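Asker: sequence plus the predicted model coming up.
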Amino acid sequence: MMEKEFEIVRTVYNSNEEVISNIMNLYGIERFDLDCTYSKGKFWKGLPDPTHKTDLIPHFDNVKQADSEDLPFEDSSLNSIMYDPPFIIMGRGKKYKHDLNENNSKMAKRFEGYGTYNDLTSNYYNTLKELYRICDKGGFVVMKCQDTVSGGKQYFSHVHVMNMALNVGFYPKDLFVLTSNVRMNSFNGTKWKKQHHARKYHSYFWVFQKVKPKFNYEFE
């Protein structure tokens, strides 16, 4: 009987399923203990559903209502956690929901988001602190994030996320890149005619482990 050929785990993939399944294979995760931002569960198509599912606004009866900053789990009780928060900065508050112009706020209408970038970073940081609390020693937290441009400013959120994770005690074990050939586009010659930043066709999956950081990232 021939042995199965060794397949190397890469850093770049083209679908959520590919990224998550390779993270699971690489780090021996048979099933995630928790998805704290479960939403409609599209992440898990073709993958084992997490043991526990929570969301701020649950879509299904089997998803427990809980704020990611205040989760109903004991300290050091879970070994693998998925965290997929929004990355959109709405800026205009909830007004975008009632904007009838289909060319305005396309991303915000499709995905939930934050009023300001400070709101985003506050939620990310407070959630990472909470996930550190409930994560067991040696366990993993996988966080999906994406850089964003808002109000003409470039925000490299994945850098902020790593710094936040280090601050609460996690070790940045790995970083995966999810690419896409399709993106919603406002540069159609109507709303925007001049581009100031490169359009993003990728997002990130951070893998944080609850162990002592193995490298000092502070610049001296």
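Answerer: Right, received. Where do you want to start?
Asker: which residues in the protein form strands?
Answerer: With DSSP state E applied, the chain shows strands at 12-13, 34-35, 52-55, 64-65, 78-83, 88-89, 113-114, 135-145, 148-150, 153-155, 171-179, 202-209, listed in chain order.
Asker: now the ones you listed as a markdown table including distance to residue 218?
Answerer: Every residue, glycine included, has its C-beta placed from N, CA and C. Output for the strands of the chain, formatted as a markdown table (distance: least, C-beta to C-beta, whole Å):
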| stretch | distance to residue 218 |
| --- | --- |
| strand 12-13 | 28 |
| strand 34-35 | 31 |
| strand 52-55 | 34 |
| strand 64-65 | 38 |
| strand 78-83 | 25 |
| strand 88-89 | 28 |
| strand 113-114 | 28 |
| strand 135-145 | 21 |
| strand 148-150 | 26 |
| strand 153-155 | 21 |
| strand 171-179 | 14 |
| strand 202-209 | 18 |
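Asker: closest to residue 195 out of those?
Answerer: Shortest separation from residue 195 across the strands of the chain is recorded for strand 148-150, at 10.2 Å, computed as C-beta to C-beta.
Asker: avg pLDDT for that closest one?
Answerer: Averaged across strand 148-150, pLDDT comes to 85.
Asker: what are the buried residues along that strand?
Answerer: Neighbour counts over strand 148-150 (16 or more other C-beta atoms under 10 Å) mark 148, 150 as buried.
Asker: so what strands line up beside that strand?
Answerer: The partner list of strand 148-150 in its sheet, established with DSSP bridges, is strand 153-155 (antiparallel).
Asker: name the surrounding residues that touch the partner strand.
Answerer: 89, 117, 147-149, 197 (C-beta atoms under 8 Å, 6 or more residues apart in numbering).
Asker: so how many other residues sit close to residue 202?
Answerer: In terms of burial, residue 202 registers 13 neighbours under the definition other C-beta atoms under 10 Å.
Asker: quick check: bridge partners of it?
Answerer: Here residue 202 shows beta-bridge partners residue 179, assigned using DSSP bridges.
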